[in-house]
Every structure is written in C-alpha cells, then in structure tokens.
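Engineer: Let me see the structure of the following:
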Amino acid sequence: MVLELGVKSDPIEYRYSFDWLFALMERNGIRQLQLGSFFELYQLEDSWFRELRAKAADHGIAITSIFTAHRELGGFFEGDPRFEAVARRNFERLIEVAALVGARHAGSNPGAVYRDRMGDKTAGLARYARHVKELTRKAHDLGLEALTLEPMSCSAEPPTTAAEIRSLMEDFAAFHAANPGSTVPVYLCGDISHGLADESKRVLEGNIELFEAGIPWMAEFHLKNTDANFGSTFGFGPEERARGIVDLSSVFTLARRRAADWPLRNIVAYLEIGGPKLGRDWSDTLLGRQLEESLQHAKEALG
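Structural biologist: Residues are numbered from 1 along each chain as shown. Predicted coordinates:
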C-alpha cells in the first residue's frame, strides 16, 4: 500500500486563484489535487477545465479526484422528480468534468433527508443508489476508475453507521461484479473527522471506528481535525492540534496496519479544511499559513 498526501481545493473558492494554490502545493511538495466543486463548475465550458489541467501540470500537479463541496447533489433524497432531475444532470456533468481534468474518481456525499421527514430516508437512499449504478456506466465510458461517496456525521445524511456503510457498499460491489465490463466500482471517500453523536452529544460510533469500518471499500479519504462531538472541523496547526482529537500518526499507522484490506494499492489522503473566515481582510491572508502548517504536520505524521 502506498499512502500519499493531496489537497482539496475548497478553501480557495472566491478567495485565491488556482495559480496561487498550485504554487503553494508545489512549494510544499504536494502533487495531487482533489478539485472541490463550486457553483460555476456545472456550467463552465470544457475549455476551462482543459486549461486548468494544463496549468496544474505546469506545476507538476495532477488533478486525481473531484468531489462536491456544497451538498449540491442531494436532490435524490428530496422526493420531488424536479429535484431528482437536477441532481442527475449535475452529477453527469461532474463526471464529465472529472474526465476533462484527468481525474481518476468523481463523487459526492449521497444527500440528506429532511429532519421532519426522517421516514423518507430509506426511499431516498434507494433512489440515490439506483442513479449511481446507472452513472457508473457513464463513468466507465469516459475513462474514470471509480465513483465515490462520503459517509457523513448525522443520521439524516446516510451512510453514517458502520452497518449502513456495509449495506450500501456491498450492494454497489455486487452490482459492479455483475457488470464488470461496462461499469466502474463505487468506493468510499472517507473522512477521519466524521463520527456519529446523538442529540445529547453522546458518541455512538467514533470517527476512527467508522474510518476503519470503511477501509475495505475506501479509495481515498479526507484529512481534517475535529472536536470530541464532531461539532466543528479544522486543520492541524499547533493551536488546532491542541483542541482537536485526531492524531494523524495513529491514523496513518492504522491505515498501514490494514494495508491488505484496502481495495486499491495507491491511496491519497486529501487535506480538506475550510480555512479562516471567508471574505475578511483580517482573515483571508491567513489561509496560506493554515494550509502550510497542516501540510507540514501531515508530512511529518506520514513519515
């Protein structure tokens, strides 16, 4: 198993250019980008993405993955065919964009059921699974290696528990096994900060527990820190490590100890942090330092 570090592009949105991010990554020896979605992504011309791919390559960087940033593909849970149609159309475009930038994987979190309609969760998850199975054919035709999904941190955004993860991923695996020549597999994009706490903030399934439960289906994962109740996420600077619960050295040790259980040999862990408050003169300039401090700590932990 080969573990590598990457960066997800979310925190530069409307704040810094990709030129700035690529220069920072090159300076820190990080060569893999997960392109986070942004609102214009679904309408931009193909040429913009080809230019972005070339610009990244000029810095020795590959765009190896693309993943949503705003829960914008959750329309399969709405129960309204108009929302469902938009989610399907945009997911198809996400896959097309992944092919344009040369990414291996494209994905999103499945979606959320409304808190006042929790009984709709099973039907929403079934709609999501049906569409994703169909979309694995489009991903195959465009040369992607997999579609991905992210387990989340609340019961309204499945899969959340180890049991939900196993049930959904076994279903996807069976579908791909029955259609190996025309589909791509569906894997997890895990997150080391996602765990499940109930209404009283009692932890039901911990973040490391759920991370380990997903390893047999995990193709990539997000690196970020969190507090004991999974109430906020942040990076790995000195002050952030003092208040966070994620020990990166332990995470990487666990990943390597389970090396034989991962579905792929090469796994990328993408730093996924929001950065400081967006759109303030006193905060925007802190982003570079936050990214570099977190990346430096991650590199040291990786060894």
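
Engineer: got the end-to-end distance for stretch 182-189?
Structural biologist: End-to-end distance for stretch 182-189, by C-alpha to C-alpha, to the nearest Å: 22 Å.

Engineer: which residues are in contact with that stretch?
Structural biologist: Applying C-beta atoms under 8 Å, 6 or more residues apart in numbering, the external contacts of stretch 182-189 come out as 65, 67, 105, 107, 132-133, 136-137, 139-140, 144-151, 165, 169, 172-173, 175-176, 214, 217-222, 263-264. Glycine gets a C-beta too; all of them are placed from N, C-alpha and C.

Engineer: Stretch 190-199 now?
Structural biologist: Contacts of stretch 190-199 (C-beta under 8 Å, 6+ apart): 150-155, 160-161, 203-211, 214-215, 218, 220-226, 229-230, 233, 246, 251, 272.

Engineer: And the buried ones among these, selectable in ChimeraX?
Structural biologist: Here is the ChimeraX selection string for the buried members of the contacts of stretch 190-199, based on 16 or more other C-beta atoms under 10 Å:
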select :150,151,152,153,155,160,161,205,206,207,208,210,211,214,215,218,220,221,222,223,224,225,226,230,233,246,251,272
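
Engineer: Looking at the contacts of stretch 190-199, which are in helices?
Structural biologist: Asn207, Ile208, Glu209, Leu210, Phe211, Gly214, Val251 (DSSP state H).

Engineer: Would you convert those residues into CSV that also reports pLDDT and distance to Glu92?
Structural biologist: Shown next, in CSV, are those (pLDDT from 0 to 100; distance: C-beta to C-beta, whole Å):
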residue, pLDDT, distance to Glu92
Asn207, 97, 32
Ile208, 97, 35
Glu209, 96, 35
Leu210, 97, 29
Phe211, 98, 30
Gly214, 98, 26
Val251, 98, 34
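
Engineer: Just put the residues you listed in a markdown table and tack on distance to Ala23.
Structural biologist: As requested, those are exported to a markdown table (distance: C-beta to C-beta, whole Å):
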| residue | distance to Ala23 |
| --- | --- |
| Asn207 | 32 |
| Ile208 | 34 |
| Glu209 | 38 |
| Leu210 | 35 |
| Phe211 | 31 |
| Gly214 | 33 |
| Val251 | 28 |
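
Engineer: out of the residues you listed, who's nearest Glu26?
Structural biologist: Checking these against Glu26 by C-beta to C-beta gives Val251 as the nearest, at 25.2 Å.

Engineer: quick one, what contacts the closest one?
Structural biologist: Ile192, Ile208, Phe211, Leu223, Ala301.

Engineer: For the nearest residue to the last one once chain neighbours are set aside, give me the pLDDT.
Structural biologist: Counting by C-beta to C-beta, 6 or more residues apart in numbering, Ala301 lies nearest to Leu248, which is 3.7 Å off, once chain neighbours are set aside. The pLDDT attached to Leu248 in the predicted structure is 97.

Engineer: Among the contacts of stretch 182-189, name the ones in strands.
Structural biologist: In strands, defined here by DSSP state E, the members of the contacts of stretch 182-189 are 65, 67, 105, 107, 146-149, 218-222.

Engineer: Going by distance to Gly74, which of those wins?
Structural biologist: Leu149 (11.7 Å).

Engineer: so how far is Ala62 from that closest one?
Structural biologist: For Leu149, the distance to Ala62 equals 22 Å [C-beta to C-beta, to the nearest Å].

Engineer: Output the ones in strands among the contacts of stretch 182-189 as CSV; include the columns pLDDT and distance to Arg50.
Structural biologist: CSV is the format used below for those (pLDDT from 0 to 100; distance: C-beta to C-beta, whole Å):
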residue, pLDDT, distance to Arg50
Ser65, 98, 18
Phe67, 98, 20
His105, 98, 19
Gly107, 97, 21
Ala146, 98, 22
Leu147, 98, 22
Thr148, 98, 23
Leu149, 98, 27
Met218, 98, 30
Ala219, 98, 25
Glu220, 98, 23
Phe221, 98, 28
His222, 98, 27
